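1. Sequence plus the predicted model coming up.
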There are 2 protein chains.
Amino acid sequence: MAARTRGMASDIQERIKRLIIDQRLPSGAPLPTETELMELLGVSRNSVREALKGLQAMGIVEIRHGFGTYVGPMSMAPMIEGLLFRTVAGHYRGEDSLLQLLELREAVETGLIARLAGRIPPADLAELDALVERMEAEAAEGAVRAETDRAFHAALHRGLDNLLLSEVLEAFWDAFHRVRTDLVDLHADPKVTCRQHREILEAVRTGDVVRAEAAVRDHFGDIRERLRSPHHD
Amino acid sequence: MAARTRGMASDIQERIKRLIIDQRLPSGAPLPTETELMELLGVSRNSVREALKGLQAMGIVEIRHGFGTYVGPMSMAPMIEGLLFRTVAGHYRGEDSLLQLLELREAVETGLIARLAGRIPPADLAELDALVERMEAEAAEGAVRAETDRAFHAALHRGLDNLLLSEVLEAFWDAFHRVRTDLVDLHADPKVTCRQHREILEAVRTGDVVRAEAAVRDHFGDIRERLRSPHHD
DNA sequence: CTAGCTCAGTTGGTTAGAGCAGCTGACTCT
DNA sequence: AGAGTCAGCTGCTCTAACCAACTGAGCTAG
């Protein structure tokens, strides 16, 4: 017997994790069926399912109805859900959780822009140019699509050359975006947004670290300002 | 009916989340018992439990055997678990996931040190002094305890005045520390470690941003160097 | 011979009911 | 008045049966 005081479900989860690690299973690899796991681990189907539900919530396994169970993508998706819920719950309880989330993004992205300035590959710079242009086209028609903003930040962070870091930043963006659409309407001026993004792009293109930091800070400062102003319920 | 194609468990989770948000329940508040939830939501006990297991994995609820179910701490603990597993699994598959995790910490902490330099409250500075001294005492006896290093970083980040940000940084520290103890032995020179921490402290005390960034980068650069050198299996 | 449909088998999803296990608080005995 | 005990809540695990989704082999029609 392994873990006595911590419950069997947790024990089963640990054993399934070990199974994945010991066998070097990559994302997408098939795992034993529920019936097999139940025999393999010597527990009931119910316990297996509860353990899998927990692992699924952490992105460690992926369950497909009628097909099978697989090693999960291990993306940052669970973190997004957690951050989102934490922020929304805090917001409704009167905390400034939304501002904290924005500050988290601001602090991290401002700190990282110095590392990016002057080091963006030409291909990514071209993509960023195209994205800013699309952004301006969308702004002329009323509002910038969220997907375009997301693509801009994603392309920018690609230069960091660290998949984990990029995913974490993307997760922060996602969480903030979802909170924003669920809770408040920032009614930002699309033209201002465009100008700020172009400024960031030009700064990193020329490799001007100080200017780049100022541009990013300006971008977030603008959002922060709108966050403080009266908005909703 | 809400989600038809996404399964009932996910639907139940959503409804429990709504329950917490709509009633403004704070962390630690009691939730309905399994029996009550089962009647309230009109589903079987098993489905309720599977949903709760998923929420528990995300830190949204906390289940105490024989006592009840409560609103969870909503800390970053689930993220630590996820990062840890992702990194360990990647490492065993031959990826440089450990280095990526270290770089994540390095990038974020280096970027944030500028925001801290010269802005640490005297009380925190005193605590940091005490921690470096303890570190030196421990170094003289062989090795610096992990808890001391953790406390140093935690005290340093307290000055950020953003609980979410501090927790995220702490989570990154935890994940890296656990991976490190599980996978590799960095056998760092404790005296060097002490010197680096003192240097960081002096730099932020005097408010010298450039020196502070260099100190942090030096600290991480040292760890990164050891990570590359031959180590284990 | 091929394109499309059908259906049986496999796998996960849900329900039901029974009994086990841990914790709390009130009750009892000293 | 203090310490031990036990009844009762609570969550935990198991069994067994049936429902629902998906795949792929085999059949049918063109």
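-> Okay, I see it.
2. Centre-most residue in chain A?
-> residue A:171 (0.9 Å; C-alpha atoms, centre = their mean).
3. In chain A, which residue sits nearest chain B?
-> Distances between chain A and chain B by C-beta to the nearest C-beta are smallest at residue A:111, namely 1.4 Å. Yep, even glycine has a C-beta here, placed from its N, CA and C like the rest.
4. did I read that right, that residue in a helix?
-> Yes. Under the criterion used here (DSSP: H, G, I helix; E, B strand; the rest coil), residue A:111 sits inside a helix.
5. close enough to count as contact, it and residue B:111?
-> Yes. Using C-beta atoms under 8 Å, residue A:111 is in contact with residue B:111, at 1.4 Å.
6. okay, now the domains of chain A?
-> As given by automatic domain parsing, the domain ranges for chain A are A:8-71, A:77-228.
7. near DNA strand C, anything from the first one?
-> Yes. Counting by C-beta under 7 Å from any atom of the strand, DNA strand C is contacted by domain A:8-71 at A:33-35, A:45-46, A:49, A:52, A:63-69.
8. Spatially, which two of those are the most separated?
-> Using C-beta to C-beta, the residues of domain A:8-71 next to DNA strand C span at most 20.6 Å, a distance reached by A:46 and A:67.
9. between these two, who's got more neighbours?
-> Neighbours were counted for residue A:46 and for residue A:67 using other C-beta atoms under 10 Å in any protein chain shown; residue A:46 has more, 14 against 8.
10. What parts of chain A come near DNA strand C?
-> A:4, A:33-35, A:45-46, A:49, A:52, A:63-69.
11. returning to what we had before: contact partners for the residue of chain A closest to chain B?
-> Residues counted as contacts of residue A:111 (C-beta atoms under 8 Å, 6 or more residues apart in numbering or on different chains) are B:107, B:108, B:110, B:111, B:112, B:114, B:115.
12. could those go into CSV alongside pLDDT?
-> Formatted as CSV, the contacts of residue A:111 follow (pLDDT from 0 to 100):
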residue, pLDDT
B:107, 92
B:108, 93
B:110, 93
B:111, 90
B:112, 92
B:114, 89
B:115, 90
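13. Tell me the one among these nearest to DNA strand D.
-> residue B:108 (35.1 Å; C-beta to the nearest atom of the strand).
14. List every C-alpha atom in the helix or strand containing the closest one, with coordinates, as PDB.
-> Assessed by DSSP states H and E, residue B:108 sits inside helix B:97-116. Taking Å, rounded to 0.1, in the frame of the first residue of the first chain, the C-alpha atoms of helix B:97-116 are listed here in PDB:
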ATOM      1  CA  SER B  97      12.400  21.100 -20.600                       C
ATOM      2  CA  LEU B  98      14.400  21.700 -17.400                       C
ATOM      3  CA  LEU B  99      16.400  24.400 -19.100                       C
ATOM      4  CA  GLN B 100      13.300  26.000 -20.400                       C
ATOM      5  CA  LEU B 101      11.800  26.100 -17.000                       C
ATOM      6  CA  LEU B 102      14.900  27.800 -15.600                       C
ATOM      7  CA  GLU B 103      14.900  30.300 -18.500                       C
ATOM      8  CA  LEU B 104      11.300  31.000 -17.700                       C
ATOM      9  CA  ARG B 105      12.300  32.000 -14.200                       C
ATOM     10  CA  GLU B 106      15.400  33.800 -15.300                       C
ATOM     11  CA  ALA B 107      13.500  35.900 -17.900                       C
ATOM     12  CA  VAL B 108      10.700  36.800 -15.500                       C
ATOM     13  CA  GLU B 109      12.800  37.600 -12.500                       C
ATOM     14  CA  THR B 110      15.400  39.500 -14.500                       C
ATOM     15  CA  GLY B 111      12.600  41.600 -15.900                       C
ATOM     16  CA  LEU B 112      11.100  42.200 -12.600                       C
ATOM     17  CA  ILE B 113      14.200  43.200 -10.600                       C
ATOM     18  CA  ALA B 114      14.200  46.600 -12.200                       C
ATOM     19  CA  ARG B 115      10.800  47.200 -10.800                       C
ATOM     20  CA  LEU B 116      12.100  46.300  -7.300                       C
END
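15. Give me the buried positions along the helix or strand that comes right after that helix.
-> For helix B:97-116, the following helix or strand on the C-terminal side (DSSP H and E) is helix B:122-140. Applying a neighbour-count criterion of 16 or more other C-beta atoms under 10 Å in any protein chain shown, one finds B:124, B:125, B:127, B:128, B:131, B:132, B:134, B:135, B:136, B:138, B:139 buried in helix B:122-140.
16. now what about helix B:122-140, what contacts it?
-> Outside helix B:122-140, the residues touching it (C-beta under 8 Å, 6+ apart) are B:120, B:144-145, B:148-149, B:151-152, B:155-156, B:158-159, B:190-191, B:193-194, B:197-198, B:201, B:205.
17. These: which ones sit near chain A?
-> When C-beta under 8 Å from any C-beta of the partner chain is taken as the criterion, no member of the contacts of helix B:122-140 contacts chain A.
18. Please flag which of the residues you listed sit within helices.
-> Per DSSP state H, helices hold the following members of the contacts of helix B:122-140: B:148-149, B:151-152, B:155-156, B:158, B:190-191, B:193-194, B:197-198, B:201, B:205.
19. I'd like to know which of those residues are buried.
-> For the ones in helices among the contacts of helix B:122-140, a burial check counting by 16+ other C-beta under 10 Å picks out B:148-149, B:151-152, B:155-156, B:158, B:190, B:193-194, B:197-198, B:201, B:205.
20. of those, closest to DNA strand C?
-> Of these, the one sitting nearest to DNA strand C (C-beta to the nearest atom of the strand) turns out to be residue B:151, at 29.0 Å.
21. Tell me who's in contact with the closest one.
-> Applying C-beta under 8 Å, 6+ apart, the residues contacting residue B:151 are residue B:131.
22. For residue A:59, see how far away it is.
-> Distance of residue B:151 to residue A:59, given as C-beta to C-beta, to the nearest Å: 30 Å.
23. same question, residue A:208
-> 39 Å.
24. These two: which is more packed in?
-> Neighbour count, other C-beta under 10 Å: between residue A:208 and residue A:59, residue A:59 has more, with 22 against 15.
25. before we move on, the earlier item: pull the distance from the helix holding residue B:108 to the chain's centre.
-> Relative to its parent chain, helix B:97-116 has a centroid offset of 13 Å by C-alpha atoms, centre = their mean, to the nearest Å.
26. quick check: angle from it to helix B:122-140?
-> 140 degrees (axes from the mean of the first three to the mean of the last three C-alpha atoms, to 10 degrees).
27. among the ones in helices among the contacts of helix B:122-140, which two are most distant?
-> B:158 and B:191 (26.2 Å).
28. circling back to that earlier point, give me the buried subset of the residues of domain A:8-71 next to DNA strand C.
-> For the residues of domain A:8-71 next to DNA strand C, a burial check counting by 16+ other C-beta under 10 Å picks out A:34, A:49, A:52, A:63, A:69.
29. Strands - which of these land there?
-> Counting by DSSP state E, the part of these found in strands is A:63, A:69.
30. between the buried ones among the residues of domain A:8-71 next to DNA strand C, which is closest to residue B:73?
-> Using C-beta to C-beta, residue A:52 comes nearest to residue B:73 of these, at 23.6 Å.
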